[in-house]
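> based on what follows, work out the 3D shape:
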Amino acid sequence: MSARLFDYAYIAATIVLTVYGQVVLKWRVRGYGALPEETIAKFRFLFGLFLDPFVLSGIFAAFLASLAWMAAMTKFELTHAYPFMSLNFVVVLLLSVWLLGEPLTIPKVLGVALIVAGTVVVARG
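Alright, predicted model coming up:
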């Protein structure tokens, strides 16, 4: 594998870890129910979430994604690397439908398509 191709692994790791964190956090938060109205109850609720091992894994994934992104920034210009982050929208949409049973609607598909199209325009500019 060429060295340049390996550099893209940092971007790919950022995407994978970010998507993992978002999907896992939504999955676990959904299981705990709605955020309470009372301030003290909110803190208890959020602290309980924070102690959930899967939530902790999502937070750790976000930390690792940050490290991977910093590594990517040593290899690429921001204007080259950042457009790849639009893939997060596509992957989160697909996994949310598949794993979380969220509805796939035409507005969601069109919105993500517009984001990707805009990203392609920016990346070529």
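> what helices and strands are in contact with the helix or strand that contains Val116?
Using DSSP states H and E, Val116 maps to helix 106-124. With contacts taken as 3 or more CB pairs under 8 Å, 6 or more residues apart in numbering; DSSP states H and E, helix 106-124 sits against helix 87-100. Backbone N, C-alpha and C define where each C-beta goes, glycine included.
> contacts for the helix it packs on next, please.
15, 18-19, 22-23, 26-27, 30, 102-104, 108-109, 112, 115-116 (CB atoms under 8 Å, 6 or more residues apart in numbering).
> with stretch 63-73 instead?
By CB under 8 Å, 6+ apart, stretch 63-73 touches Asp7, Tyr10, Ile11, Ala13, Thr14, Leu17, Thr18, Gly21, Ala81.
> follow-up on the earlier one: what is the orientation angle of the helix holding Val116 with helix 87-100?
Helix 106-124 runs at 150 degrees relative to helix 87-100, counting by axes from the mean of the first three to the mean of the last three CA atoms, to 10 degrees.
> what does the average pLDDT come to for helix 106-124?
Averaging pLDDT along helix 106-124 yields 90.
> CA-only coordinates of that helix in CSV, if you can.
Backbone C-alpha positions of helix 106-124 (Å, rounded to 0.1, in the frame of the first residue of the first chain) are rendered in CSV as follows:
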residue,chain,number,x,y,z
ILE,A,106,-37.4,11.7,0.6
PRO,A,107,-36.5,15.0,2.3
LYS,A,108,-33.7,13.2,4.3
VAL,A,109,-32.4,11.6,1.1
LEU,A,110,-32.6,14.8,-0.9
GLY,A,111,-30.9,16.8,2.0
VAL,A,112,-28.0,14.4,2.2
ALA,A,113,-27.7,14.3,-1.6
LEU,A,114,-27.5,18.1,-1.6
ILE,A,115,-24.9,18.1,1.1
VAL,A,116,-22.8,15.6,-0.9
ALA,A,117,-23.3,17.5,-4.2
GLY,A,118,-22.3,20.7,-2.4
THR,A,119,-19.2,19.0,-1.0
VAL,A,120,-18.2,17.8,-4.5
VAL,A,121,-18.5,21.3,-5.8
VAL,A,122,-16.4,22.7,-2.9
ALA,A,123,-13.8,20.0,-3.3
ARG,A,124,-13.3,20.7,-7.0
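> appreciated, that's everything.
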